[in-house]
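[1] Structure for this input, please:
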Amino acid sequence: MRTRPASGPRGRLDLAARVRPRVPSTAVDSIEQRLAIEPVDGCDDTFVSVGRTDPRHVYGGLLVAQALRAAQSTVSDGRLAHSLHASFVQAGTGGEHLRHEVERTRDGSSFATRRVVVRQDAGVAMVLTADFHHEEPGLEYEPPANPEIPGPDEVEPAQRQSKVFENRPVPVERIRGALPHTRCTWVRPRGSDLSADPALHLQVLAYLSDHGPSRAARAPHAAVPREAIAQPVSLDHSIWFHRPVDANDWLLFELVPVATGRGRGLSFGTVRTRDRVLVASVAQEILLRPRSTS
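    Here you go, the predicted structure:
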């Protein structure tokens, strides 16, 4: 996701000042803390992030996961998310809170739908639609996992690491029997001590799912000099949650570029557990433009 530089205090509409979150905005050290939101007093179905966005980079997965948490907060009867679709409207602003306004679009006998508008001082940053479903039995199928992909204990940590999650990319030469330009990465939250709430584990998966899709879409153009391509920007992001997940353990993200052209790039992917059980599918479209020379 694009990042708008953090603005100074003058001329700024401070969401934190308007909603006065009861928990102070401080540095966060865990993924669960990063997802923390609070209801806004006097505003039904409206929530604000406890912490501010990073001043240097607004991670799209943070917006998606927090918006999913806000939507989940308005759903009762134990229904969990089965899909979400997010559109990034404009660049996120570093150093600000996120305000999540939830619309209760539908409450049916089995399914519920929520629409979340995520705002910052500059306006709408993202719009997300999430669908929720009662747990029920059904016909089971999933395509077999690629047995040639090594496990998390067989690959080295990435040189660059996040403060809140670990990632271990599988070297390209060790990805055999896969489609061209496939990228595989093992990811898990740091600390691995998430609470038992199953909704939280889906939200953590949503947070992690933004790590890698844009690189997968760019993979067919690896020979193009980096300076010749404009900074990629996430346009939209989708997740389908197939099964419950334990996000404390390693998750395998296997991402494949599907198509690029007309200034855009699309990647699809799967998320599997350490035991190679398919728990989710993801898709992301990015802006993929040659850098202007004018």
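
[2] Tell me the gap between stretch 31-46 and the middle of its chain.
    18 Å (Cα atoms, centre = their mean, to the nearest Å).

[3] List the buried residues for it?
    Of the residues in stretch 31-46, those buried by neighbour count under the rule 16 or more other Cβ atoms under 10 Å are Ile31, Glu32, Arg34, Leu35, Ala36, Ile37, Pro39, Val40, Asp45, Thr46. Yep, even glycine has a C-beta here, placed from its N, CA and C like the rest.

[4] what sits up against the host helix or strand of Cys184?
    Secondary structure from DSSP states H and E places Cys184 in strand 183-189. When contacts are defined by Cβ atoms under 8 Å, 6 or more residues apart in numbering, strand 183-189 is touched by residues 30-32, 149, 151-152, 155, 158, 164-170, 172, 175, 178, 204, 208, 211-212, 215-216, 219, 247-256.

[5] Number of residues surrounding Arg289?
    Applying other Cβ atoms under 10 Å, we find 15 residues neighbouring Arg289.

[6] Quick check on it: phi, psi?
    Phi and psi for Arg289, reported as degrees, to the nearest 10, are phi -110, psi 150.

[7] That one: what's it in contact with?
    With contact set as Cβ under 8 Å, 6+ apart, Arg289 has these partners: Ile229, Ala230, Gly263.

[8] Hmm, the last one is touching Leu288, no?
    Yes: between Gly263 and Leu288 a contact is recorded at 6.3 Å, counting by Cβ atoms under 8 Å.

[9] about what we covered before: quick one: buried ones out of the contacts of strand 183-189?
    30-32, 149, 152, 155, 164-170, 175, 178, 204, 208, 211-212, 215-216, 219, 247-248, 250-256.

[10] Can you flag which of those residues belong to helices?
    When DSSP state H defines the helices, the subset of these inside them is Ile31, Glu32, Val204, Leu208, Arg215, Ala216.

[11] got the contact list for the residue nearest to the third one when sequence neighbours are not counted?
    Meaning Val204. For Val204, ignoring the flanking residues on the chain, the nearest one in space by Cβ to Cβ, 6 or more residues apart in numbering is Ala247 at 4.1 Å. Taking Cβ under 8 Å, 6+ apart as the contact definition, Ala247 lies against Arg188, Pro189, Leu194, Leu200, His201, Val204, Leu205, Leu208.

[12] mind checking how far the second one is from Arg215?
    By that I understand Pro189. 20 Å (Cβ to Cβ, to the nearest Å).

[13] Could you tell me how many residues sit around the closest residue to Glu227 other than its chain neighbours?
    Once its chain neighbours are removed from consideration, Glu227 has its nearest residue in Arg291; the separation is 6.7 Å (Cβ to Cβ, 6+ apart). If you count neighbours by other Cβ under 10 Å, Arg291 ends up with 11.

[14] I'd say Arg291 and Pro225 touch.
    No: when contacts are counted by Cβ under 8 Å, Arg291 is not listed as touching Pro225 (9.5 Å).

[15] circling back: between the buried residues of stretch 31-46, which is nearest His237?
    Ranking the buried residues of stretch 31-46 by separation from His237, with Cβ to Cβ as the measure, puts Leu35 on top at 16.1 Å.

[16] Please tell me how far that closest one sits from Trp240.
    Computed with Cβ to Cβ, the distance linking Leu35 and Trp240 is 20 Å.

[17] And Ala178, by the same measure?
    Going from Ala178 to Trp240 by Cβ to Cβ gives 20 Å.

[18] before we move on, what about Glu103?
    Where Trp240 is concerned, Glu103 sits at a distance of 21 Å (Cβ to Cβ).

[19] do the same with Pro189
    As it turns out, when the distance is counted by Cβ to Cβ, Pro189 lies 21 Å from Trp240.

[20] more neighbours, the two?
    Under the neighbour definition other Cβ under 10 Å, Pro189 and Trp240 were set side by side, and Pro189 has more, 23 against 17.

[21] Could you point out the bridge partners of that one in the sheet?
    With DSSP bridges applied, the residues forming beta bridges to Pro189 are Phe165.

[22] List the strands paired with the helix or strand hosting Ala125, with their directions.
    In this assignment (DSSP H and E), Ala125 forms part of strand 123-133. Strands adjacent to strand 123-133 in the sheet, as given by DSSP bridges, are strand 80-88 (antiparallel), strand 111-120 (antiparallel).

[23] export those to a markdown table and tack on mean neighbour count and distance to Pro144?
    Below are those laid out as a markdown table (neighbours: other Cβ atoms under 10 Å; distance: least, Cβ to Cβ, whole Å):
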| stretch | mean neighbour count | distance to Pro144 |
| --- | --- | --- |
| strand 80-88 | 20 | 23 |
| strand 111-120 | 21 | 29 |
